[in-house]
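1. here's my sequence, what's the structure:
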Amino acid sequence: MRFVRLVPYVLLAAAFWAVAATAADAASRAQGQRLARLYCASCHAIDKVSPSPLAIAPPFRTLHERYPVETLEEALAEGIMVGHPTMPQFQFDPDQIADFLLFLKSLE
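-> Numbering: from 1, shown residues only. Predicted coordinates for the structure are as follows:
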């Protein structure tokens, strides 16, 4: 009988955590988009429709067609040194990597 009385509270707590997680994901995706705009948008398309400003730079929305975007985690941590000839070298910290990958996944 006690369990039946607790059900509404358990459901309310679960709903609260789901909303909090969704808000956190949205904030992380937005931060990942800011990083893409700052470091990548001069060459790569970072949205779902635009062409890349630099023709040889693949649009981010197509990266998942080439390989799982999660495989970029190590390269982002160590510094991407490949790509197109004019690609700058940069490194992200672990939180930035998570945000950036979440943003890339949102483009799939």
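
2. apart from its chain neighbours, what residue comes closest to Ser106?
-> In space, and not counting its chain neighbours, Ser106 is closest to Arg29: 5.3 Å by Cβ to Cβ, 6 or more residues apart in numbering. Backbone N, C-alpha and C define where each C-beta goes, glycine included.

3. pull the contacting residues for the one you found.
-> 99, 102-103, 106 (Cβ atoms under 8 Å, 6 or more residues apart in numbering).

4. thought Cys40 was touching Ile46?
-> Yes. Counting by Cβ atoms under 8 Å, Cys40 touches Ile46, with 6.1 Å between them.

5. circling back: can you tell me how far the residue nearest to Ser106 is from Gln89?
-> Look at Arg29 and Gln89: by Cβ to Cβ, to the nearest Å, they are 25 Å apart.

6. next one, pLDDT for the residue nearest to Ser106 please.
-> Per-residue pLDDT puts Arg29 at 94.

7. could you pull up phi and psi at it?
-> With angles defined as degrees, to the nearest 10, Arg29 sits at phi -60, psi -40.

8. might you report the residue contacts of the spatially closest residue to Pro59 that is not a sequence neighbour?
-> Once flanking residues are discounted, Pro59 sits nearest to Ala45: 3.7 Å by Cβ to Cβ, 6+ apart. Counting by Cβ under 8 Å, 6+ apart, Ala45 touches 51-53, 59-61.
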